[in-house]
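*Asks:* Pasting a predicted model and its sequence here:
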Amino acid sequence: MALDIYTEPEEIDLDTLRHLGPLAPLAGTWEGARGLDTHPVAQGAEDEPYRERLVFEPIDPQANGPQLLYGLRYHQHVNKLDEPLTFHDQVGYWLWEPATGALLQTLAIPRGQVALAAGTAGPGDRRFTVRATLGSPTAGISSAPFLHEHFRTLEYTIAVTVNEDGTLSYEQDTVLQITGRPEPFHHVDRSVLRRVAGPARNPAAR
């Protein structure tokens, strides 16, 4: 019998918030001023405190034939504590497949880089991790020529934790191969945020 890769599920619950599993606590708007970014500079490494705003918005269910994904569209905006110029801007999606526990993060930054990171998580997990690796056909990283040549991203990992006190925290490790340096550099970001607004429902469920 041929594998059916075309037929979508007959019944799909349109209320995304009911089916986000481990992503459900993220839905809404978060702010924090307790971030710390360890990034490369010519002299070695520098620690930079930062503040940020993270917005997670439920999207309608997405079907790849029989595969059904529920998810959040997100926007991360980061500033240094003493500077109005954007320090980091990132958009993408967090996706979860209830049938398998597959967890995906797509991300794009306006410096010429995109990635798809993957992991697994159970519906009640309060901590989860996704990872992308350069060259992977299913969880990979693609960079524009300058970044690929001089700040090549070998691996990206982010671990997200929903804490008992209601805060959201993450630790992100981006491993870079930098021109002129023999050893890979670990560009690390850590932050703690508090929710300042709850989520809206996805368009089809309104």
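*Replies:* Looks like it came in fine. All figures in this text were calculated on a predicted structure; none of them were measured in a lab. Numbers count the residues shown, from 1 in each chain.
*Asks:* pLDDT score for Ala2?
*Replies:* The per-residue pLDDT reported for Ala2 equals 87.
*Asks:* Leu69 reaches Leu95, doesn't it?
*Replies:* Yes: under the criterion of Cβ atoms under 8 Å, Leu69 makes contact with Leu95 at 4.7 Å. C-beta here means a position set from N, CA and C on the backbone, and glycine is covered the same way.
*Asks:* any common contacting residues for the two?
*Replies:* Here Leu69 and Leu95 share the contacting residues Gln62, Leu104, scored by Cβ atoms under 8 Å, 6 or more residues apart in numbering.
*Asks:* Please enumerate the strands of this structure.
*Replies:* Along the chain, counting by DSSP state E, strands occupy 28-41, 44-58, 62-64, 67-80, 86-97, 102-109, 113-120, 127-133, 141-143, 151-162, 168-178, 185-197.
*Asks:* Which elements pack onto the first one?
*Replies:* The elements that strand 28-41 packs onto, with contact taken as 3 or more Cβ pairs under 8 Å, 6 or more residues apart in numbering; DSSP states H and E, are strand 44-58, strand 168-178, strand 185-197.
*Asks:* Out of those, which gets nearest to Ala108?
*Replies:* strand 168-178 (14.3 Å; Cβ to Cβ).
*Asks:* follow-up on the earlier one: so which of the strands of the chain gets nearest Glu8?
*Replies:* If we rank these by Cβ to Cβ, the stretch that ends up nearest is strand 62-64, at 4.4 Å.
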